[in-house]
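Colleague: this is a predicted model, with the sequence first.
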Amino acid sequence: MATRCVELLQKNGLKAKLNDKFDWIHDTYLILIRMFPDGCPPTTIISMNARYDAHYHTKVGTALRPLRREDVLFIGTGGAVHNLYRNNWFQMLMYRDNFAMKSPPDAAMLEFRQEFEDAMTKNSGPELRRAVTMSMKLPKYRDAHGTDDHFMAAMFVAGLCGDFEDRGTAAVMGAEDWELRNMCNSQYTFGNWGSGNSRMMGKV
């Protein structure tokens, strides 16, 4: 599968190569061990480009679209609101619990989280790509994301699920949690896993 991904990326003009020594990090295995507690299926990790260009990462997702017809499950793992500089780390020291919130999230975080949900659930097809990309221009984006790395997964998923044939198939929001007061993890699903149709999932 890794070789197939590289071939598709290169075919679409993207510089890609295999790296069999890449170390798995928490953003990858924490998702998989919860989804597949009895054992992880064969998995290929697609790394980000360190320039964090939104359109580039959308193109990465677009290049891999053909694999959706081959029963491949895609997971884009990032963060809806992820600004480490705005987190409240005291609750970890005080309670040893990143979910122990004594006060609600800041208004700016709540505002961007709602804007992001609207972009994901109220758009489909090319409009989804446009809405997710425009999220990076919203006034509260930099409050919600001190750096762009954790938002690139959303761009990747928008590329995967944002073509003309995807019109009418918007994301469905599933689980969500807030931690460290100002960090929001939201899970969105595109398509149907296990239905025999196009199978894909975006976890943001």
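Modeller: Nice, I can see it. Note that the structure is a prediction, hence the values are computed from the model and not measured.
Colleague: got the CA positions of the longest helix seen in the chain in PDB?
Modeller: Counting residues, the longest helix in the chain under DSSP state H turns out to be helix 107-121. Taking Å, rounded to 0.1, in the frame of the first residue of the first chain, the C-alpha atoms of helix 107-121 are listed here in PDB:
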ATOM      1  CA  ALA A 107     -14.600  32.400  23.600                       C
ATOM      2  CA  ALA A 108     -12.200  32.500  20.700                       C
ATOM      3  CA  MET A 109     -11.700  28.700  20.800                       C
ATOM      4  CA  LEU A 110     -15.500  28.100  21.000                       C
ATOM      5  CA  GLU A 111     -16.100  30.400  18.100                       C
ATOM      6  CA  PHE A 112     -13.500  28.800  15.800                       C
ATOM      7  CA  ARG A 113     -14.700  25.300  16.800                       C
ATOM      8  CA  GLN A 114     -18.200  26.200  15.600                       C
ATOM      9  CA  GLU A 115     -16.900  27.700  12.400                       C
ATOM     10  CA  PHE A 116     -15.000  24.600  11.700                       C
ATOM     11  CA  GLU A 117     -17.900  22.300  12.400                       C
ATOM     12  CA  ASP A 118     -20.000  24.400  10.000                       C
ATOM     13  CA  ALA A 119     -17.300  24.100   7.300                       C
ATOM     14  CA  MET A 120     -17.200  20.300   7.700                       C
ATOM     15  CA  THR A 121     -20.900  19.500   8.100                       C
END
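Colleague: next helix or strand past that helix?
Modeller: Next helix or strand after helix 107-121 toward the C-terminus (DSSP states H and E): helix 126-135.
Colleague: okay, now the unreliable bits of this structure?
Modeller: 193-204 (pLDDT under 70).
Colleague: could I get the full set of helices for it?
Modeller: 2-11, 26-35, 54-63, 90-95, 107-121, 126-135, 141-144, 152-161.
Colleague: JSON lines for those, including distance to residue 19 and mean neighbour count?
Modeller: Using the backbone N, CA and C atoms, a C-beta is placed for each residue, glycine as well. Converted to JSON lines, the helices of the chain look like this (distance: least, Cβ to Cβ, whole Å; neighbours: other Cβ atoms under 10 Å):
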{"stretch": "helix 2-11", "distance to residue 19": "9", "mean neighbour count": "15"}
{"stretch": "helix 26-35", "distance to residue 19": "14", "mean neighbour count": "13"}
{"stretch": "helix 54-63", "distance to residue 19": "15", "mean neighbour count": "20"}
{"stretch": "helix 90-95", "distance to residue 19": "33", "mean neighbour count": "12"}
{"stretch": "helix 107-121", "distance to residue 19": "30", "mean neighbour count": "19"}
{"stretch": "helix 126-135", "distance to residue 19": "27", "mean neighbour count": "20"}
{"stretch": "helix 141-144", "distance to residue 19": "30", "mean neighbour count": "20"}
{"stretch": "helix 152-161", "distance to residue 19": "18", "mean neighbour count": "27"}
